[in-house]
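Chemist: sequence first, then the predicted structure, then my questions.
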Amino acid sequence: MGNKGQRDGFGSKLGIIAAAAGSAIGLGNIWRFPYLTGENGGAAFLFVYLICIIAVGLPVMLAEFVVGRRSQRNAIGAFKKLVPGTPWVLAGWLGVAAAFIILSFYGVIAGWTLDYILKSLTNGFAGKSPVELEQMFTTLISNPVKPVVFQLIFMALTAGIVLTGVSDGIEKFAKVLMPMLLVIIIILDIRAVTLNGASQGLSFLFSPDFSKIKPDMVLAALGQAFFSMSLGMGIMITYGSYIGKKENLGTTALSVSIADTLIALLAGIAIFPAVFAFGIDPNSGPGLVFITLPNVFNQMAGGQIFGILFFMLLAVAALTSTMSLMEVVVAYVTEEFNMSRKKTTILIASLISLLGVFASLSNGTISHIDFFGYNLFDFLDFVTSSFFLTIGAFIISIFVGWFMDKNAIRDEITNGGTLKVAYMGAFNVLIKIVAPIGIALVFLKGIGFM
Ligand code: PHE
């Protein structure tokens, strides 16, 4: 593959799904989804989340695939090719900028997971009280050197994979890493559901109390659906452009969405039974996996092994996501500026890492520098998830729903009329009306307008 003049792309159906699901499945599933579910009352949140995936996430993912495969270009190039000289390209710009910025702080969190693998390998949680475990986490993230070094290692790893290309790098690694992730999470699930007192955790996750559904929670669920499915930042446009013409885009989007949701559920099943069995508050926010879980591992028979496995799971999940974030920027620069993949990857990885260094330091040494009331780390997270992703996804749904050539859309979804699809009508309603309205609500909420 990778012949000169021929565009690199995914080599097999399994490779496509592994890579796209690898992007979707990440810290969002294993770190963010469980703590949001915990904060928002459990099963009722899950119920709303599932509706958001089906009604908004799935159609937007398909729309991104359509734009990508139709144009055979990166996130920005796609709009330049399909609708030259129009402002639609803004969605591409936002996407590439979002990928750049998200990777800078996501790489920092990914770095923490490496430190936690080492901590669990050396039995570093043993004998620590809950307060000490909390201090352990805050000491790590505010340290001026350690998290920076781990972040750089993680970024180097990511760059090493991305610079070898789409089929030889990203696809190949995703095909190994994703099954590994599945095996680890299933082992953790078996351990969790066989704990004494596991049933309370399972019913927290699966028996909904519908009176807990509140507008706030609905918006949190929709925002999580975007983040988790890697939507609104050009990832699925870029990956869509690597999908072969014979593949069925609808079933691909469906498989990726199911895989993403399944892993979030399996993460919930691994975490909540343990949290309840050991009498820990499920509502402990972002610290859930880094502070709460080490407490759980401490109290559990075989806890050290499960701790090692868990943090490896986090690192693997994060790696297939950082690959996709880097690829969005690299694909743009190599294609639009005709640069070699290797040079581009090194350049882009260095620039993103540099921003990441400041993001990491802003949890400690330079935490006093204020960005609208946030430190840099939280500010980058806030602007990208509240503004970039939502505006990007909104523009894409309006573009595909109302402005993109109808025949081109039909052609992509039916592979030139060779596939019979029964969902065309439903897709139209979702992408034209339901998705943009849902996204607009998330946006207004994000900027504190509602
Ligand atoms: N979808 C990934 C996750 O769930 C995160 C991600 C967000 C990846 C944005 C890429 C872009 O963790």
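Modeler: All right, it came through fine.
Chemist: count of residues packed around Met180?
Modeler: Using other C-beta atoms under 10 Å, Met180 has 12 neighbouring residues. C-beta: built from backbone N, CA, C; applies to glycine.
Chemist: check Pro84 too.
Modeler: Number of residues near Pro84 (other C-beta under 10 Å) recorded here: 9.
Chemist: now Phe449
Modeler: Neighbourhood size, Phe449 [other C-beta under 10 Å]: 8.
Chemist: mind checking how far it is from Phe379?
Modeler: Distance of Phe449 to Phe379, computed by C-beta to C-beta, to the nearest Å: 19 Å.
Chemist: residues near the residue in the stretch 251-400 of the chain positioned nearest to the ligand, how many?
Modeler: The minimum distance from the stretch 251-400 of the chain to the ligand, using C-beta to the nearest ligand atom, falls at Ser321 (4.0 Å). Counted with other C-beta under 10 Å, the neighbours of Ser321 add up to 25.
Chemist: OK, contacts around the closest residue to it other than its chain neighbours?
Modeler: Nearest residue to Ser321 in three dimensions, chain neighbours excluded: Gly26, at 3.4 Å (C-beta to C-beta, 6 or more residues apart in numbering). Residues near Gly26 by C-beta atoms under 8 Å, 6 or more residues apart in numbering: 106, 228, 230, 317-318, 320-321.
Chemist: now Met341: closest residue in space, sequence neighbours ignored.
Modeler: Rather than Met, residue 341 is Arg. Leaving aside its sequence neighbours, Arg341 sits nearest to Thr334 (C-beta to C-beta, 6+ apart; 5.2 Å).
Chemist: what strand or helix carries the one you found?
Modeler: Take DSSP states H and E as the rule and Thr334 turns out to sit in helix 303-337.
Chemist: show me what counts as buried in that helix.
Modeler: 303-304, 306-335 (16 or more other C-beta atoms under 10 Å).
Chemist: let's test this: mean pLDDT of that helix, rounded?
Modeler: Averaging pLDDT along helix 303-337 yields 92.
Chemist: please apply the same query to stretch 161-177.
Modeler: 89.
Chemist: go on, stretch 345-354?
Modeler: Mean predicted lDDT for stretch 345-354 stands at 97.
Chemist: next one: stretch 382-395
Modeler: Rounded mean pLDDT across stretch 382-395 is 86.
Chemist: starting at the chain centroid, how far to it?
Modeler: In terms of C-alpha atoms, centre = their mean, to the nearest Å, the centre of stretch 382-395 is set 14 Å apart from its chain centre.
Chemist: kindly format the C-alpha coordinates of that stretch as PDB.
Modeler: This file holds the C-alpha atoms of stretch 382-395, laid out as PDB (Å, rounded to 0.1, in the frame of the first residue of the first chain):
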ATOM      1  CA  PHE A 382     -13.900  23.700  27.900                       C
ATOM      2  CA  VAL A 383     -13.500  25.600  24.700                       C
ATOM      3  CA  THR A 384     -13.100  22.500  22.500                       C
ATOM      4  CA  SER A 385     -15.900  20.500  23.900                       C
ATOM      5  CA  SER A 386     -18.300  23.400  24.400                       C
ATOM      6  CA  PHE A 387     -17.500  25.300  21.200                       C
ATOM      7  CA  PHE A 388     -15.400  23.600  18.600                       C
ATOM      8  CA  LEU A 389     -17.000  20.100  18.700                       C
ATOM      9  CA  THR A 390     -20.600  21.400  18.900                       C
ATOM     10  CA  ILE A 391     -20.200  24.100  16.200                       C
ATOM     11  CA  GLY A 392     -18.300  21.700  14.000                       C
ATOM     12  CA  ALA A 393     -21.000  19.000  14.300                       C
ATOM     13  CA  PHE A 394     -23.700  21.500  13.800                       C
ATOM     14  CA  ILE A 395     -22.200  22.800  10.600                       C
END
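Chemist: run a quick neighbour tally on Lys420.
Modeler: 7.
Chemist: that one: what secondary structure?
Modeler: What DSSP: H, G, I helix; E, B strand; the rest coil gives for Lys420 is coil.
Chemist: interface residues of the stretch 1-150 of the chain facing the ligand?
Modeler: 23-24, 26-29, 102 (C-beta under 6 Å from any ligand atom).
Chemist: got a markdown table for these, with pLDDT and secondary structure too?
Modeler: What follows is those, written out as a markdown table (pLDDT from 0 to 100; DSSP: H, G, I helix; E, B strand; the rest coil):
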| residue | pLDDT | secondary structure |
| --- | --- | --- |
| Ser23 | 94 | helix |
| Ala24 | 95 | helix |
| Gly26 | 91 | coil |
| Leu27 | 89 | helix |
| Gly28 | 89 | helix |
| Asn29 | 91 | helix |
| Ile102 | 94 | helix |
